[in-house]
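**Student:** can't give you the sequence, but here's the structure:
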């Protein structure tokens, strides 16, 4: 069992009920920005989304129904890569929590950063044409990994890689604002969190799409650097918390 954290911050250390609204908003803002950026760049490079599994499943069904089973199978592989990323993250976190490794969530984001950096290096070295399939599979994998990390650490309050659920929740909470005082009080924190998630995902897509036109594949290293900075900061904080 992990000991409660008494200090501030720690967006990748505090778990579940230890977390505050501010910590969840910080986590959603930072990682949704990165997810939106990678999703946009992935679409520019290969014409397919890596965070939008709803769209990929719908497209898969459509391709199969219209007599293109090969394309449908390929889309199924994308979805499987996302699921595999989530599964790897869940196994890593379960093992870390069993051993009392407080930094396990930060390590998960660090792994994501390493994979994104390696992908960027490969694309710079070999170009996008021979690596289209690898690009979409790796980006789908890291999106699944990231979403599992944010989901597990926040007990499903934060989901950083897709916005369909967030948009639905925003509508629900806006309706709740029309209710009594108690309903409004309960709705406002959720509305803030979901709105930040949606806005950060959108902004990340815009910024990274613009960056891609300016610096090309180096945008992956920019994203990787951001992820590693977040991971490194949280790892340092975890080390300080574990000192006697």
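**Tutor:** That came through, no problem. Note that the structure is a prediction, hence the values are computed from the model and not measured.
**Student:** just the helices in this protein please.
**Tutor:** Counting by DSSP state H, the chain forms helices over residues 21-46, 53-65, 69-98, 104-126, 132-153, 164-176, 181-215, 218-242, given from the N-terminal end onward.
**Student:** got TSV for the ones you listed, with distance to residue 10, mean pLDDT and mean neighbour count too?
**Tutor:** In short, each C-beta sits where N, CA and C put it, glycine included. TSV is the format used below for the helices of the chain (distance: least, CB to CB, whole Å; pLDDT from 0 to 100; neighbours: other CB atoms under 10 Å):
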stretch	distance to residue 10	mean pLDDT	mean neighbour count
helix 21-46	7	92	23
helix 53-65	29	87	16
helix 69-98	15	93	17
helix 104-126	9	96	20
helix 132-153	10	93	24
helix 164-176	23	88	15
helix 181-215	17	93	17
helix 218-242	6	90	18
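**Student:** Residue 15 is nearest to which of the ones you listed?
**Tutor:** Comparison of these against residue 15 by CB to CB identifies helix 132-153 as nearest, at 5.5 Å.
**Student:** correct me, but residue 153 touches residue 12?
**Tutor:** Yes. Using CB atoms under 8 Å, residue 153 is in contact with residue 12, at 6.6 Å.
**Student:** Quickly list what's touching both of those two.
**Tutor:** The overlap between the contact sets of residue 153 and residue 12 (CB atoms under 8 Å, 6 or more residues apart in numbering) consists of 27, 105.
**Student:** measure residue 76 to residue 20 for me?
**Tutor:** Using CB to CB, to the nearest Å, residue 76 is found at 39 Å from residue 20.
**Student:** cool, residue 171 as well?
**Tutor:** Residue 171 is 25 Å from residue 20, by CB to CB.
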